[in-house]
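Chemist: Only the shape, not the letters, is given here:
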């Protein structure tokens, strides 16, 4: 029975250590993403994170947790906006291709001259 609880303790310790590493990497990433903290401040945080890893990580999360969340959220929004812009550019195709398709539709009689000019202006804008 003693070996069972030893295995459970090792598994739990590995889980806690893994969770700590995830938080530590998040703190390091946030530390380098923070533009308000000076280089000396960042260096001091790194020293504290190396010398007193558990305590300094906990203090950092308590002191700067809200800022960490804001920076992560703004990065996520920036990436999402860039991704949406890329998808829109790719899905529209090139300007020349859009105008060519509109011209083909005009020649086939599917759209009017006014619709063609509108599509042409959309493609050029």
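Modeler: Received it, and whenever you're ready, just let me know what you need. Since this is a predicted model, take the numbers as computed values, not measurements. Residues are numbered from 1 along each chain as shown.
Chemist: ok, residue 125 - contacts?
Modeler: Going by Cβ atoms under 8 Å, 6 or more residues apart in numbering, residue 125 touches no other residue. Backbone N, C-alpha and C define where each C-beta goes, glycine included.
Chemist: Kindly provide the distance from it to residue 98.
Modeler: 11 Å (Cβ to Cβ, to the nearest Å).
Chemist: Equivalent analysis for residue 33, please.
Modeler: Look at residue 33 and residue 98: by Cβ to Cβ, they are 38 Å apart.
Chemist: got it, and residue 22?
Modeler: In terms of Cβ to Cβ, residue 22 sits 46 Å off from residue 98.
Chemist: Figure out how far the lengthiest helix in the chain is from the centre of its chain.
Modeler: For the chain, the helix with the greatest residue count under DSSP state H is helix 53-92. Chain-centre distance of helix 53-92: 5 Å, with Cα atoms, centre = their mean, to the nearest Å.
Chemist: Check stretch 50-66 too.
Modeler: Per Cα atoms, centre = their mean, the centroid offset for stretch 50-66 relative to its chain is 23 Å.
Chemist: just to revisit the earlier point, what's the helix or strand following the longest helix of the chain packed up against?
Modeler: Later in the chain than helix 53-92, the nearest helix or strand by DSSP states H and E is helix 95-107. Helices and strands touching helix 95-107, by 3 or more Cβ pairs under 8 Å, 6 or more residues apart in numbering; DSSP states H and E, are helix 113-124.
Chemist: which SS class is residue 111?
Modeler: coil (DSSP: H, G, I helix; E, B strand; the rest coil).
Chemist: from memory it sits against residue 117, does it?
Modeler: No: the criterion here is Cβ atoms under 8 Å, and residue 111 misses it with residue 117 at 9.9 Å.
Chemist: Compare those two (neighbour count), which wins?
Modeler: residue 111 (17 against 13; other Cβ atoms under 10 Å).
Chemist: who touches that one in this structure?
Modeler: Contacts for residue 111 (Cβ under 8 Å, 6+ apart) come out as 102, 105, 119.
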